[in-house]
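**Q** Structure for this input, please:
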Amino acid sequence: MVADLFDSGATPRPDTGPRPLADRLRPRRLVDVIGQEQVLGPEAPLGVMLASGSLSSLVFWGPPGVGKTTIARLLADETDLHFVQISAIFTGVPDLRKVFDEAKHRRTQGRGTLLFVDEIHRFNKAQQDGFLPHMEDGTILLVGATTENPSFELNAALLSRAQVLVLTRLTLADMERLAQRAEQELGRALPLDGPAREALLDMADGDGRALLNLIEQVAAWKVEGKLDSAALATRLMKRAAKYDKSGDEHYNLISALHKSVRGSDPDAALYWLARMLTGGEDPRYLARRILRMAIEDIGLADPQAQSICLHAWETYERIGSPEGELALGQAVAYLALAPKSNAGYAAYKAALREAKKTGSAPPPKHILNAPTRLMKEQGYGEGYAYDHDAEDGFSGQNYFPDGMKRPVLYQPVERGYERELKKRLEYFAKLRLRRT
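**A** Residues are numbered from 1 along each chain as shown. Model (predicted):
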């Protein structure tokens, strides 16, 4: 039966052995949950739903170990719904049919079902669509959990029937509260001095389940006195930072790096660069993005910036890791401190808009070459003013299609080298006005 495999509403079997600390400390009420005030507080979404007695289908989006499963289980308890848990990794279509059939039967007996689906983004579109009719007729109240961005991974139809709630990494204060609760359960303090205790919390990287597993290991050690940070590091390995080179974390961190450069903060930019490199990001991808930053955010305010980025990329290709990454770091620091201008980027986008607007309008004939007699007879090149022969080397002729109103596309800023370019533009504008 599916209930035997997935249904935690069945009568629990008696304990036959020691239970992990994380299981022993699982909260029994929502008020006991540590963290997630933005979701559980009195004025937060779940707090308001429970107070009004109206719970809707939900999708919990957040990293591992922040309480998604626990909160779903406690929601079922507080709303007197039968709790059923499945994982999209291990559940196929026949299993889902059994879950829905049993929920329908339970409903005929007057009890609803809260179906918790872990890793819900692993279901394909057809499987996700299979939940819709059962959500709509009240057979199930769906609570999905995902570590991936629901906007990209879940169907729009499913998202329209469920509210997405974001669960966040536990703060250091949350982790300390969890550690204290663990010590109360264990009946003794951890054998760590202050810095070592902070290092232990840091090792868990905001994951409450990981912290409790670490605490369980430390508590089992037979040591005299208190261990310092060095001794702790010898006995435990720091948990690898969460980083998915193709998922949200990838895009979040490159966004943080780019915006730190744009915001002229070299320290923050170097930090996010280091975060991506230590997470295993391809340095060549970073080299491409760093070059893009020079083009998009510095532009002609510092024409040397692009060359520095290209040289950093070339340096990485020539000497490889780990020394090559230093060249990328120096390029990032340079870009962060360079004068900023997106005038060239904005001018290019404005030119694209003008090009689309004017369609196939030809250039004016006076700037067309006339290599044949027929073309000369058609007026090609007639009236062209050779700029080198003009006063100040500037003819002031029109180079846009005939009848097109002259647009202003490139507007340099008063920063860096673009100050000089702005003076030149203004100079040519005065000459053009004088000669037209």
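**Q** Mind listing residues that contact stretch 324-331?
**A** 270, 273-274, 277, 283, 286-287, 290, 308-309, 311-313, 315-318 (C-beta atoms under 8 Å, 6 or more residues apart in numbering). Bear in mind the C-beta positions are built from the backbone N, C-alpha and C, glycine included.
**Q** meant to ask about stretch 418-430, not that
**A** With C-beta under 8 Å, 6+ apart, stretch 418-430 has contacts from 299-301, 339, 341, 343, 394, 396, 410, 412-414.
**Q** Tabulate the CA atom coordinates of it in CSV.
**A** Once non-C-alpha atoms are left out, stretch 418-430 reads as follows in CSV (Å, rounded to 0.1, in the frame of the first residue of the first chain):
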residue,chain,number,x,y,z
GLU,A,418,34.2,60.5,-21.7
ARG,A,419,34.7,64.1,-20.5
GLU,A,420,36.9,64.6,-23.5
LEU,A,421,34.6,62.8,-25.8
LYS,A,422,31.7,65.0,-24.6
LYS,A,423,33.7,68.1,-25.4
ARG,A,424,34.4,66.8,-28.9
LEU,A,425,30.7,66.1,-29.5
GLU,A,426,29.7,69.5,-28.3
TYR,A,427,32.4,71.0,-30.6
PHE,A,428,31.1,69.1,-33.7
ALA,A,429,27.5,70.0,-32.8
LYS,A,430,28.4,73.7,-32.9
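**Q** In that stretch, which residues are buried?
**A** Going by neighbour count (16 or more other C-beta atoms under 10 Å), the buried part of stretch 418-430 is 418, 421-422.
**Q** Which of those residues fall in helices?
**A** Per DSSP state H, helices hold the following members of the buried residues of stretch 418-430: 418, 421-422.
**Q** so which strand or helix has I308?
**A** helix 304-319 (DSSP states H and E).
**Q** Quick check: buried residues in whichever helix or strand comes after that helix?
**A** Proceeding C-terminally, helix 304-319 gives way to helix 323-337 as the next helix or strand, assigned by DSSP H and E. For helix 323-337, the buried set under the neighbour-count rule, 16+ other C-beta under 10 Å, comprises 324-325, 327-329, 331-336.
**Q** Check stretch 296-304 too.
**A** 296-302.
**Q** for stretch 349-357, same thing?
**A** For stretch 349-357, a neighbour-count test (16+ other C-beta under 10 Å) marks nothing as buried.
**Q** residues making contact with that stretch?
**A** Residues outside stretch 349-357 that contact it (C-beta under 8 Å, 6+ apart): 407, 409.
**Q** For it, C-alpha coordinates in PDB please.
**A** What follows is stretch 349-357, C-alpha atoms only, in PDB (Å, rounded to 0.1, in the frame of the first residue of the first chain):
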ATOM      1  CA  LYS A 349      20.500  50.000 -27.800                       C
ATOM      2  CA  ALA A 350      19.000  53.300 -29.000                       C
ATOM      3  CA  ALA A 351      20.600  52.800 -32.400                       C
ATOM      4  CA  LEU A 352      18.900  49.400 -32.600                       C
ATOM      5  CA  ARG A 353      15.500  50.900 -31.900                       C
ATOM      6  CA  GLU A 354      16.100  53.500 -34.600                       C
ATOM      7  CA  ALA A 355      17.200  50.900 -37.100                       C
ATOM      8  CA  LYS A 356      14.000  48.800 -36.500                       C
ATOM      9  CA  LYS A 357      11.900  51.900 -36.700                       C
END
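**Q** Which helix or strand lies directly C-terminal to the lowest-mean-pLDDT helix or strand in the chain?
**A** The least trusted helix or strand in the chain, going by mean pLDDT, DSSP states H and E, turns out to be helix 2-6, with a mean of 38. Sequence order places helix 21-24 as the next helix or strand after helix 2-6, per DSSP H and E.
**Q** and L159, what helix or strand is that in?
**A** helix 156-160.
**Q** for E183, same thing?
**A** Going by DSSP H and E, E183 is in helix 172-186.
**Q** and that helix, what's its mean pLDDT?
**A** Mean per-residue pLDDT for helix 172-186: 94.
**Q** buried residues in that helix?
**A** Buried positions in helix 172-186, judged by neighbour count with 16+ other C-beta under 10 Å: 174-176, 178-179, 181-182, 186.
**Q** same deal with stretch 86-98?
**A** Within stretch 86-98, the residues that qualify as buried are 86, 88, 91, 96, counting by 16+ other C-beta under 10 Å.
**Q** how far does it sit from the chain's center?
**A** 29 Å (C-alpha atoms, centre = their mean, to the nearest Å).
**Q** then that stretch to PDB, C-alphas only?
**A** Taking Å, rounded to 0.1, in the frame of the first residue of the first chain, the C-alpha atoms of stretch 86-98 are listed here in PDB:
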ATOM      1  CA  ILE A  86       6.200  11.700  -1.100                       C
ATOM      2  CA  SER A  87       9.400  12.500  -3.000                       C
ATOM      3  CA  ALA A  88       9.300  13.400  -6.700                       C
ATOM      4  CA  ILE A  89      12.600  11.500  -7.000                       C
ATOM      5  CA  PHE A  90      11.100   8.100  -6.000                       C
ATOM      6  CA  THR A  91       7.400   8.500  -7.000                       C
ATOM      7  CA  GLY A  92       6.000   7.500 -10.400                       C
ATOM      8  CA  VAL A  93       2.600   7.900 -12.000                       C
ATOM      9  CA  PRO A  94       1.100   4.700 -10.500                       C
ATOM     10  CA  ASP A  95       2.200   5.800  -7.000                       C
ATOM     11  CA  LEU A  96       0.500   9.200  -7.600                       C
ATOM     12  CA  ARG A  97      -2.700   7.600  -8.600                       C
ATOM     13  CA  LYS A  98      -2.800   5.600  -5.400                       C
END
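**Q** what is the mean pLDDT for that stretch?
**A** The pLDDT scores in stretch 86-98 average 90.
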